[in-house]
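Engineer: with the sequence up front, the predicted model follows.
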Amino acid sequence: MTTSNSAKTECVILLHGLARSAHSMDKMAEKLTEHGYQVLNIDYPSRAYSIEELAEQTISDALKQCQGMPVSFVTHSMGGILVRQFLSNHKVESLNKVVMLGPPNKGTEIVDKLSHLPGFSFINGEAGMQLGTGELSLPNQLGKANFDVGIIAGTQSINLLLSSLIPDTDDGKVSVESTKIDGMNDHIEMPTTHVFMMRNDAVIAQVICYLEQGKFNH
């Protein structure tokens with residue numbers, strides 16, 4: 001756990017996305033620490049297990065390290081689905097806020113259209129195969145948010161091939177529409193890509209704004 005001298009009595013758990021590592025959230029961790037939060041930047045084996053297994057083990061272990069403090073989550077991509085999965089089965093009494101970056105809350109058409117290709121399941125694992133938009137889509141089985149969540153959607157792409165598989169505006173992996181969820185408290189679109197949004201200074205500033213004020217700076 002990273003702390004600062006002016007630490008708030010709040011624990012912020014960071015959860016990276018599919019096929020990424022905690023290193024991808026290092027800049028976010030650094031900036032949140034500077035703002036006084038006690039930060040847990042969690043590394044988990046995103047391609048090794050199902051979303052259900054990942055959520056149960058990863059989040060249970062992280063919560064134990066927060067030592068009874070109020071808890072918020074900042075997630076990138078599939079990390080947000082882990083939080084939704086966990087909260088569908090557990091009530092976290094100390095839960096404060098959740099900020100999701102580019103979450104496939106309604107799945108992504110990329111999985112629908114590419115999952116049959118050789119090597120796709122090897123690269124993305126069991127959890128990745130659960131992120132489509134159809135009947136087997138885990139995100140679409142989780143229902144509305146019954147917790148305080150703000151969502152940041154990217155509107156730029158560096159992968160035009162993948163973007164061609166996604167309807168309407170997208171971040172290269174997830175459409176803006178797919179990031180939305182019933183029950184969300186706030187939603188904002190930003191000119192950033194899925195791959196790099198968690199390192200974007202403007203995105204990080206919006207994350208801090210939401211954690212502190214419960215809304216984005218529109």
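Structural biologist: Okay, I see it.

Engineer: who are the packing partners of the longest helix seen in the chain?
Structural biologist: Using DSSP state H, we find that the single longest helix of the chain is helix 51-65. With contacts defined as 3 or more Cβ pairs under 8 Å, 6 or more residues apart in numbering; DSSP states H and E, helix 51-65 has these neighbours: strand 11-15, strand 38-42, helix 78-87. Heads up, the C-betas are built off the backbone N, CA and C, glycines and all.

Engineer: and the helices in this protein, which stretches?
Structural biologist: Taking DSSP H as the criterion, the chain contains helices spanning 26-34, 51-65, 78-87, 109-114, 120-129, 160-163, 176-179, 201-213.

Engineer: now do Ala29: how many residues are near it, please.
Structural biologist: For Ala29, the tally of surrounding residues (other Cβ atoms under 10 Å) stands at 20.

Engineer: please verify my assumption that it contacts Ile42.
Structural biologist: No. Using Cβ atoms under 8 Å, Ala29 makes no contact with Ile42, being 10.1 Å away.

Engineer: got a list of contacts for the longest helix of the chain?
Structural biologist: 1, 11, 13, 15, 40, 42, 44-46, 48-49, 71, 78, 81-83, 85-86, 89, 92, 127, 130, 138 (Cβ atoms under 8 Å, 6 or more residues apart in numbering).

Engineer: buried ones among those residues?
Structural biologist: Among the contacts of helix 51-65, those buried by neighbour count (16 or more other Cβ atoms under 10 Å) are 11, 13, 15, 40, 42, 44, 46, 49, 71, 78, 81-83, 85-86, 92, 127, 130, 138.

Engineer: the nearest residue to His35 once chain neighbours are set aside: neighbour count?
Structural biologist: Excluding the flanking residues, the one nearest His35 by Cβ to Cβ, 6 or more residues apart in numbering is Ile208, at 5.7 Å. Per other Cβ under 10 Å, the neighbour tally for Ile208 reads 20.

Engineer: same question, Asp168
Structural biologist: By other Cβ under 10 Å, 8 other residues sit near Asp168.

Engineer: who's in contact with it?
Structural biologist: Contacts for Asp168 (Cβ under 8 Å, 6+ apart) come out as Ser175, Val176, Glu177.

Engineer: from Met78, how far out is it?
Structural biologist: The spacing between Asp168 and Met78, counted by Cβ to Cβ, to the nearest Å, is 21 Å.

Engineer: can you check Leu87 too?
Structural biologist: Distance, Leu87 to Met78, by Cβ to Cβ: 15 Å.

Engineer: and the helices of the chain, which is most packed in?
Structural biologist: Ranked by mean neighbour count, these are led by helix 78-87 with a mean of 26 (mean count of other Cβ atoms under 10 Å).

Engineer: quick check: chain neighbours aside, which residue is closest to Asp182?
Structural biologist: Of all residues not flanking Asp182 in the chain, Lys144 sits nearest, at 3.8 Å (Cβ to Cβ, 6+ apart).

Engineer: now do Met69
Structural biologist: Cys11 (4.5 Å).

Engineer: what's the spacing between that neighbour and Asn140?
Structural biologist: Per Cβ to Cβ, Cys11 is found 30 Å from Asn140.
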